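Colleague: Sequence first, predicted model second:
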Amino acid sequence: MVNTELGQIDLIGVGEFGESDWPSTAVEPDEADTRASNGPTDEAQEPTMPENCSPLNAALCATEPTPPEDPAAPAPSVTVTLRDIASFIPAKPGNEMEPGGWAVEDLPANFVAEASAQVVSGTLLGRPADVRFTPVAFRWRHSDGGVVESGAPGETWAALGQREFTPTGTSHVYAESGEYTVTLEAVLRAEYRFGGSGWRSIAGTLAVAGDPQRVLVGEFDTVLTNGDCNANPSGPGC
């Protein structure tokens, strides 16, 4: 209840206090007039309470309000692991082969990985984030038991300036004829960032496998012919 004529404020039924328990804050009109006319005194002045504050929430009003979280601000100091970014899925690597889909027994077949750095967006620790995956190594797993590892994706024979069926850093030789498969794994390093922050490294690497590729291996003999066997099938060597 507020009595403007007496200049007195009474709080009734607030919290656990009753009307008789709450300390009086009454100021008599004469006393108020005297203070105003005499100006400042040597007595300690009560601090002015901010607007919309009362004796009940004075302690809260004296505390600086906490600003809302800025989604672009750096993340708190936490350790992000590969498990935390499991929902960020990088694309599968591609695998180019020379010759295309087949090989000659006991001769090198050349393999070239198709993979590059990529950024995947999503939610990390409840905040919008980006994860960047960068290939740092490549691994070809052949169904004959062979494994070829390289720190580079490899190059075609033409790009290397080499003749066909010559060894390269990513080639493989099949010792017997038959049907095989080869699966390329790209070994990736991961980094993350929140809006407005720099890239931060994540410990460890992960391997992303491409689709298995079929390889048909055969035995081929080289013979000398006298012209085109299609035009002259009875010629020497045909």
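Modeller: Done, it's in.

Colleague: Can you spell out the domain ranges of this structure, please?
Modeller: Domain ranges of the chain: 1-64, 82-218, per automatic domain parsing.

Colleague: Flag every buried residue along stretch 198-209.
Modeller: 202, 205, 206, 208 (16 or more other Cβ atoms under 10 Å). Any C-beta I mention is one placed from the backbone N, CA and C, and that applies to glycine too.

Colleague: Worst mean pLDDT among the domains of the chain?
Modeller: Mean pLDDT is lowest for domain 1-64 out of the domains of the chain, coming in at a mean of 45.

Colleague: neighbours around residue 230, how many?
Modeller: 7 (other Cβ atoms under 10 Å).

Colleague: what's the spacing between residue 103 and residue 194?
Modeller: According to Cβ to Cβ, to the nearest Å, residue 103 stands 47 Å off from residue 194.

Colleague: What sits closest to residue 217 if chain neighbours are left out?
Modeller: Once flanking residues are discounted, residue 217 sits nearest to residue 174: 4.3 Å by Cβ to Cβ, 6 or more residues apart in numbering.

Colleague: What is the end-to-end distance of stretch 121-135?
Modeller: 18 Å (Cα to Cα, to the nearest Å).

Colleague: Name the residues that touch that stretch?
Modeller: Outside stretch 121-135, the residues that touch it by Cβ atoms under 8 Å, 6 or more residues apart in numbering are 71, 75, 78, 80, 84-85, 87-88, 90, 93, 113, 115-120, 153, 186-195, 199, 208.

Colleague: With stretch 185-203 instead?
Modeller: By Cβ under 8 Å, 6+ apart, the list of residues contacting stretch 185-203 reads 71-75, 80-82, 85, 88, 90, 93, 113, 115, 124, 127-141, 205-210.

Colleague: doesn't residue 144 make contact with the residue nearest to residue 217?
Modeller: Yes: applying Cβ atoms under 8 Å, one finds residue 174 in contact with residue 144, separated by 6.1 Å.

Colleague: Find residues that contact each of those two.
Modeller: With Cβ under 8 Å, 6+ apart as the test, residue 174 and residue 144 both reach residue 180.

Colleague: any chance you could map the helices in this protein?
Modeller: For the chain, helices defined by DSSP state H occupy the ranges 29-38, 58-61, 157-160.

Colleague: Return the members of the contacts of stretch 185-203 classed as buried.
Modeller: 75, 80, 85, 88, 90, 93, 113, 115, 124, 129-135, 137-141, 205-206, 208, 210.

Colleague: which residues sit in contact with residue 119?
Modeller: 130, 131, 132, 133.

Colleague: Tell me which two of those residues sit farthest apart.
Modeller: 130 and 133 (10.6 Å; Cβ to Cβ).
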